[in-house]
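Enquirer: quick check, what structure comes out for this input:
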Amino acid sequence: MSVGQVVIAIDAMGGENSPYKVLKGVEIFLQNERNTKIIFFGDELLINKNIKKNNLNLFNFEVVNTKDIISDEDSVNTILRSKKNSSIYKALEFAKNNEKSGFVSSGSTAAIMVLSRLHMGMIEGIDRPAICSLVPNKKNYSLMLDLGANVIVSGSNLFQFALMGFCYYSIINKNIKPKIGILNIGTENNKGLEFLQEAADLILSSFLREHFIGFIEPNKITSGDCDIIVSDGYTGNIMLKSAEGISNFITSNLRDIFNKSLINKISYKLIEKDLKKLKDQVNPDIYNGATLIGLNGISVKSHGNANPIAFSYALKQCHNFITKDLNKQIIKSIKNT
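Expert: Take a look at the predicted model:
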């Protein structure tokens, strides 16, 4: 590895259709990031066999052989006690001990959360990490956090999520002044639980006040009026999964309607261009990659059933936060509060 080179440590065994989808995703990613060093962690024989079998054009990579595999059923105690030679464990260990490096995996969310915090630790001034991801809206996209890392939170935790979300959004979109909202059951100042009120007060007493638009209801998430949506992990996770379910329901029903008759098929052809535009806008592949923000390192969780294109977007996200030094921005913002 050359000095200053970006290195991504990848769990090659996690998620569905691995290691192929991981390897193919890296091939796609490297087309635009040829100078990035890739280190695969996993079954070396299986990885090399897949590369050869699928004639993948991979370069600038290494493979570190690991024997243990972490499943979704493994408890935290099992992971910490008997899975220290797993691809997730070793890849995170590497990412922590090497500068300008990050970690990407489609594996067990629980394992990634526990081991990321174990190896990387927390940024000073941040109490808990949050899972954050981009979601499409009418204008472009919004950032949502937390999406499942913290079921129970305090107002102080939500304020820290808002702070980290502001840093994240400022890196991916420097052209706008992001608006921050707290997810709630109403927009009135007196609505919601006590920790939501506390979070709002903390934001209003910080430099974030000029970005704060108050409380936002779930039915306004896709309006595009709020760029950073802050929530506890329990509410955020339910919100995200509900949105995914509704999206799948609508897509499935539209497909059935357009295939129902010849007239419907002709109607589809008339609006095919607009439907494709909508499909591209809400394509989950381009939003793949949930960052575990607040850690003293870069850890990105790809969806378990992500395809190679989607996995390449998770890699792109990891690379972006390494090169733009997301954590440095968070530390700077903490000092300003």
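Enquirer: got the domain boundaries for the protein?
Expert: 1-124+295-325, 127-293 (automatic domain parsing).
Enquirer: nearest to residue 336, of the ones you listed?
Expert: Residue 336 lies closest to domain 127-293 among the domains of the chain, at 5.6 Å (Cβ to Cβ). Using the backbone N, CA and C atoms, a C-beta is placed for each residue, glycine as well.
Enquirer: distance between the ends of that closest one?
Expert: One end of domain 127-293 to the other measures 11 Å (Cα to Cα, to the nearest Å).
Enquirer: give me the distance between it and the centre of its chain.
Expert: Computed by Cα atoms, centre = their mean, to the nearest Å, the chain-centroid distance of domain 127-293 equals 12 Å.
Enquirer: the residue most central in space within the chain bridge partners, please.
Expert: Nearest to the mean C-alpha position of the chain, by Cα atoms, centre = their mean, lies residue 290 at 1.0 Å. Taking DSSP bridges as the rule, residue 290 bridges to residue 301.
Enquirer: just to revisit the earlier point, could the domains of the chain go into TSV alongside mean pLDDT?
Expert: Listed next are these as TSV, based on pLDDT from 0 to 100:
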stretch	mean pLDDT
domain 1-124+295-325	93
domain 127-293	91
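Enquirer: mind listing what the residue nearest to the centre of the chain touches?
Expert: Contacts here follow Cβ atoms under 8 Å, 6 or more residues apart in numbering; on that basis residue 290 touches 131-133, 147, 300-302.
Enquirer: please report how far it lies from residue 319.
Expert: Here residue 290 is placed at a distance of 16 Å from residue 319 (Cβ to Cβ, to the nearest Å).
Enquirer: what do you get for residue 216?
Expert: 31 Å.
Enquirer: could you do residue 260 as well?
Expert: Taken as Cβ to Cβ, the span from residue 260 to residue 319 is 44 Å.
Enquirer: which one's more surrounded, these two?
Expert: With neighbours defined as other Cβ atoms under 10 Å, residue 260 and residue 319 compare such that residue 319 has more, 21 against 10.
Enquirer: can you tell me the element that one falls in?
Expert: helix 308-323 (DSSP states H and E).
Enquirer: buried set for whichever helix or strand comes after that helix?
Expert: Sequence-wise, the next helix or strand downstream of helix 308-323 (DSSP H and E) is helix 326-335. Residues of helix 326-335 classed as buried by neighbour count (16 or more other Cβ atoms under 10 Å): 326-327, 329-331, 333-334.
Enquirer: of these, closest to residue 96?
Expert: Out of those, the member with the shortest distance to residue 96 (by Cβ to Cβ) is residue 327, at 12.5 Å.
Enquirer: thinking that closest one is in contact with residue 297, fair?
Expert: Yes - when contacts are counted by Cβ atoms under 8 Å, residue 327 is listed as touching residue 297 (7.5 Å).
Enquirer: give me the number of residues near the closest residue in space to residue 321 that isn't next to it in sequence?
Expert: Using Cβ to Cβ, 6 or more residues apart in numbering and skipping the chain neighbours, the partner closest in space to residue 321 is residue 298 (5.1 Å). Residue 298 is flanked by 27 other residues according to other Cβ under 10 Å.
Enquirer: residue 298 contacts residue 325, correct?
Expert: No - taking contacts as Cβ under 8 Å, residue 298 lies outside contact range of residue 325: 9.6 Å.
Enquirer: picking that back up, contacting residues for the residue nearest to residue 321?
Expert: With Cβ under 8 Å, 6+ apart, residue 298 has these contacts: 95, 101-103, 291, 318, 321-322, 326-327.
Enquirer: now the two most distant members of the residues you listed.
Expert: Maximum distance among the contacts of residue 298 (Cβ to Cβ): 14.8 Å, for 101 and 291.
Enquirer: please say which of those two ends up with more neighbours.
Expert: Set side by side, residue 101 and residue 291 show more neighbours around residue 291, with 27 against 22, by other Cβ under 10 Å.
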